[in-house]
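S.K.: Build me a model:
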Amino acid sequence: MAPSQLAAPPEGSELKPVPGSPGLPVIGTTFEMMRDPFAYSRKRRERFGSVSWSNVLFRPMVTLQGPEAAETVLVNRDKAFANGPAWTYFIGPFFHRGIMLLDFDEHLHHRRIMQQAFNKPRLRSYMQTMAPSIEHGIDGWRPRDGFKVYDHLKHLTLDLAMDVFMGVELDRREADRINGAFIDAVRAGTAYVRFPVPGLRWHKGLKARKTLEKFFYQHLPAKREKGGDDLFAALCEAETDDGARFTDEDVVNHMIFVLMAAHDTSTITMTTMAYYLARNPEWQERVREESQALGKKVLEFEDLEKLTTLDLVIKEALRLVSPVPALPRRTVKDTEVLGFHIPKDTFVFLPTLTNHYLEEYWPDPERFDPGRFADDRREDKVHHYAWEPFGGGVHKCIGLHFAGMQIKSVLHQVLQRYRWSVPEGYEWPLDTTSLPRPKDGLPVRLEQI
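M.R.: Down below sits the predicted model:
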């Protein structure tokens, strides 16, 4: 299809029009982008450069590739890019008014209250709470061929989220029901049919939202009354110096969003780590030896900074498979990125998943190489936004320290209990139509140490 311009720049502005092409009738480039985002991004960049547009999910969207463009959007100095309208288009009906869907003063107000739930004393308490649950969870793993890592980690992280964030213990049937609701809510965001046809993603997502709301409202009165050491209680109790607190509706909205973000993204990261550690057993042994050298079955808060090799593996896993594959925004006024004119009410997105594969910033980008983050190399320092799995600016992930703490706590125990491998030549089939995950669940040979 012949190239075309998104919109003519204002006369005399010296800005360039965004180049691109709409793609196929109706669906645009949606299928192409979701099925193989790596090839799609590479092809678009070769043809149009770092800034281009196409029709995605029934509307024009501008793709902004590379750290320079990411910095413009994430730092958002002229407040031209809004989170809320963009994320609402994708996941608004399912994660209504979660922290990521709020903007500007309202976002800062909610973030200031919520930050109290992620301060150091709270993190320390969460870590103590999750330790026995991790041990209990991996006790149930049965060494065998065909052990599906993703499925087991998904169950584990949801159980941990219920312990740490909810302070409740669910039976397996109820846990599976809530886990299924979160899966349906997440997958609904990239539905091709974006109205409630029974049996399709959008309809399932709306049903899932009702299930989750009912679940949290059911537990809310007890949390308001009794408090506790969990996130749910923390959000109920949180109060700023000037007396601002969350309403019941605020608490439920934030719990649904945070619980999804906490267990889905950690599951993806740990699964990615498991995949690459299975394919690179020398790195698996290095991180295992580091954990064994601590001489502690359970990781303590003061030990987090000691697992430096595991840090490198986490960072490389986040580079290779960014758990949130794209960060969308919508312009609230005319603006520009890298000299290109982007008019008001335009959807833009940063493809974090593929931005981490740009060869001019990441040598041999498809190779698993945790050493690229070591002090003597620090390839991520080539640009402040070369590595952006947690976003940046005022919307940088509020739970990033919790995520690192949880991942290290789980891997520390798993590494001392189990060794795992995949057949020679195995490559996982990565599903990128929603949050990235292995289609086959990542089957490994799990062995007891």
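S.K.: Show me the helices in the stretch 101-250 of the chain, by range?
M.R.: Under the criterion DSSP state H, counting those that start in this stretch, helices of the stretch 101-250 of the chain are mapped to 104-114, 120-139, 149-161, 172-188, 201-226, 231-237, 248-279.
S.K.: Same list, these, but as JSON lines with distance to Val394 please.
M.R.: (Glycine included, C-beta is placed from N, CA and C.) Formatted as JSON lines, the helices of the stretch 101-250 of the chain follow (distance: least, CB to CB, whole Å):
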{"stretch": "helix 104-114", "distance to Val394": "7"}
{"stretch": "helix 120-139", "distance to Val394": "21"}
{"stretch": "helix 149-161", "distance to Val394": "25"}
{"stretch": "helix 172-188", "distance to Val394": "24"}
{"stretch": "helix 201-226", "distance to Val394": "26"}
{"stretch": "helix 231-237", "distance to Val394": "20"}
{"stretch": "helix 248-279", "distance to Val394": "17"}
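S.K.: and of those helices, who's closest to Leu74?
M.R.: Closest to Leu74 of the helices of the stretch 101-250 of the chain, according to CB to CB: helix 104-114, at 13.8 Å.
S.K.: mind saving the C-alpha coords of the closest one as PDB?
M.R.: What follows is helix 104-114, C-alpha atoms only, in PDB (Å, rounded to 0.1, in the frame of the first residue of the first chain):
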ATOM      1  CA  PHE A 104      -2.200  14.700  35.800                       C
ATOM      2  CA  ASP A 105      -3.400  16.100  39.200                       C
ATOM      3  CA  GLU A 106      -5.800  13.300  39.900                       C
ATOM      4  CA  HIS A 107      -3.200  10.700  39.200                       C
ATOM      5  CA  LEU A 108      -0.700  12.300  41.500                       C
ATOM      6  CA  HIS A 109      -3.300  12.600  44.200                       C
ATOM      7  CA  HIS A 110      -4.100   8.800  44.000                       C
ATOM      8  CA  ARG A 111      -0.400   7.900  43.700                       C
ATOM      9  CA  ARG A 112       0.500   9.900  46.800                       C
ATOM     10  CA  ILE A 113      -2.000   7.900  48.800                       C
ATOM     11  CA  MET A 114      -1.100   4.600  47.200                       C
END
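S.K.: May I see the buried residues of that helix?
M.R.: For helix 104-114, burial by neighbour count (16 or more other CB atoms under 10 Å) applies to His107, His110, Ile113, Met114.
S.K.: ok, now stretch 78-96?
M.R.: Those buried within stretch 78-96 under the rule 16+ other CB under 10 Å are 80-96.
S.K.: again, but for stretch 372-386
M.R.: For stretch 372-386, a neighbour-count test (16+ other CB under 10 Å) marks Arg372, Phe373, Glu379, Asp380, His383, Tyr385, Ala386 as buried.
S.K.: ok, for the third one, nearest residue in space, not its chain neighbours?
M.R.: Counting by CB to CB, 6 or more residues apart in numbering, Arg372 is the residue found nearest to Glu379 once chain neighbours are left out, at 4.2 Å.
S.K.: List the ones among the buried residues of stretch 78-96 that fall in helices.
M.R.: The helices, defined by DSSP state H, take in Gly84, Pro85, Ala86, Trp87, Thr88, Tyr89, Phe90, Ile91 from the buried residues of stretch 78-96.
S.K.: Identify the farthest-apart pair in those residues.
M.R.: Pro85 and Ile91 (12.1 Å).
S.K.: Now do the same contact list for the closest residue to Gly399 other than its chain neighbours.
M.R.: Nearest non-adjacent residue to Gly399, counting by CB to CB, 6+ apart: Ala262, 5.9 Å away. Contacts for Ala262 (CB atoms under 8 Å, 6 or more residues apart in numbering) come out as Thr157, Ala161, Phe165, Gly399, Phe402, Ala403, Gln406.
S.K.: Does the fifth one touch Leu123 like I think?
M.R.: Yes: in this structure Phe402 lies within contact range of Leu123 using CB atoms under 8 Å: 6.2 Å.
S.K.: if you count what's nearby, which of those two comes out ahead?
M.R.: Using other CB atoms under 10 Å, the more surrounded residue of Phe402 and Leu123 is Phe402, with 23 against 20.
S.K.: contacting residues around that one?
M.R.: Going by CB under 8 Å, 6+ apart, Phe402 touches Phe118, Leu123, Tyr126, Ala262.
S.K.: ok, for the third one, nearest residue in space, not its chain neighbours?
M.R.: Read it as Tyr126. That would be Val164: by CB to CB, 6+ apart, it lies 4.7 Å from Tyr126.
S.K.: about what we covered before: got the contacts of Ala262 as JSON lines, with pLDDT columns?
M.R.: What follows is those, written out as JSON lines (pLDDT from 0 to 100):
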{"residue": "Thr157", "pLDDT": "91"}
{"residue": "Ala161", "pLDDT": "84"}
{"residue": "Phe165", "pLDDT": "82"}
{"residue": "Gly399", "pLDDT": "91"}
{"residue": "Phe402", "pLDDT": "93"}
{"residue": "Ala403", "pLDDT": "94"}
{"residue": "Gln406", "pLDDT": "96"}
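S.K.: which among these gets closest to Glu239?
M.R.: Phe165 (19.1 Å).
S.K.: how far away is that closest one from Lys210?
M.R.: 20 Å (CB to CB, to the nearest Å).
S.K.: quick one: which of these two has more around it?
M.R.: Phe165 (23 against 10).
S.K.: Right, I'll leave it there.
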